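[1] Below are the sequence and a predicted model; questions follow.
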Amino acid sequence: MECTSLAAVRQQIDRIDRHLVSLLAERGGYVRQAARFKTDAAAVAAPQRVAAVLARVDALAAELGADRQVVAAVWRTMIDAFIVAEQAAHAALHPPTPTPLNSD
């Protein structure tokens, strides 16, 4: 869409931001679900999965004409934030098992 004013540009950016936040909320729901399936906190970080996601979005950025550096920076930040959220979800779903007190 070709905008004829700065106000029109801002209106379109605000529209896109609403969609992005909606998609982040949806993605967050799946991240919380993933925490159920991971056996330990170390599995949450999943460095191989992070690398695969970054490679996939880099290819998408190239295909769709997006700035690859911007996409990489946004995805790294987003992934880092979702890892923190998933760690919290995992901890809530899988609390540590209490150890018996030593009677010595």
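    Looks like it arrived, so ask away.

[2] For the helix or strand of the chain with the lowest mean pLDDT, buried residues please.
    In the chain, no helix or strand scores lower on mean pLDDT, DSSP states H and E than helix 41-45, which sits at a mean of 88. Neighbour counts using 16 or more other CB atoms under 10 Å place residue 44 of helix 41-45 among the buried residues. Yep, even glycine has a C-beta here, placed from its N, CA and C like the rest.

[3] Tell me which helix or strand comes right after it.
    The first helix or strand that comes after helix 41-45 along the chain, using DSSP states H and E, is helix 47-64.

[4] just checking, what packs against that following helix?
    helix 68-93 (3 or more CB pairs under 8 Å, 6 or more residues apart in numbering; DSSP states H and E).

[5] by how many degrees do the helix it packs on and helix 47-64 diverge?
    When axes from the mean of the first three to the mean of the last three CA atoms, to 10 degrees is applied, the directions of helix 68-93 and helix 47-64 differ by 150 degrees.

[6] Report the rounded mean pLDDT for helix 68-93.
    For helix 68-93, the mean pLDDT works out to 95.

[7] how big is the angle separating the top helix by length along the chain from helix 68-93?
    Longest helix in the chain, counting residues (DSSP state H): helix 6-37. Counting by the same axes, to 10 degrees, helix 6-37 lies at 40 degrees to helix 68-93.

[8] Spell out the secondary structure type for residue 2.
    Assigned by DSSP: H, G, I helix; E, B strand; the rest coil, the conformation of residue 2 is coil.

[9] Run a quick neighbour tally on it.
    For residue 2, the number of neighbouring residues by other CB atoms under 10 Å comes to 4.

[10] separation between it and residue 98?
    Look at residue 2 and residue 98: by CB to CB, to the nearest Å, they are 63 Å apart.

[11] what's the answer for residue 24, then?
    According to CB to CB, residue 24 and residue 98 sit 36 Å apart.

[12] Between those two, which is the more surrounded one?
    residue 24 (14 against 6).

[13] What is the neighbour count of the residue nearest to the more buried one when sequence neighbours are not counted?
    Spatial nearest neighbour of residue 24, excluding adjacent residues (CB to CB, 6 or more residues apart in numbering): residue 78 at 7.5 Å. Per other CB under 10 Å, the neighbour tally for residue 78 reads 14.
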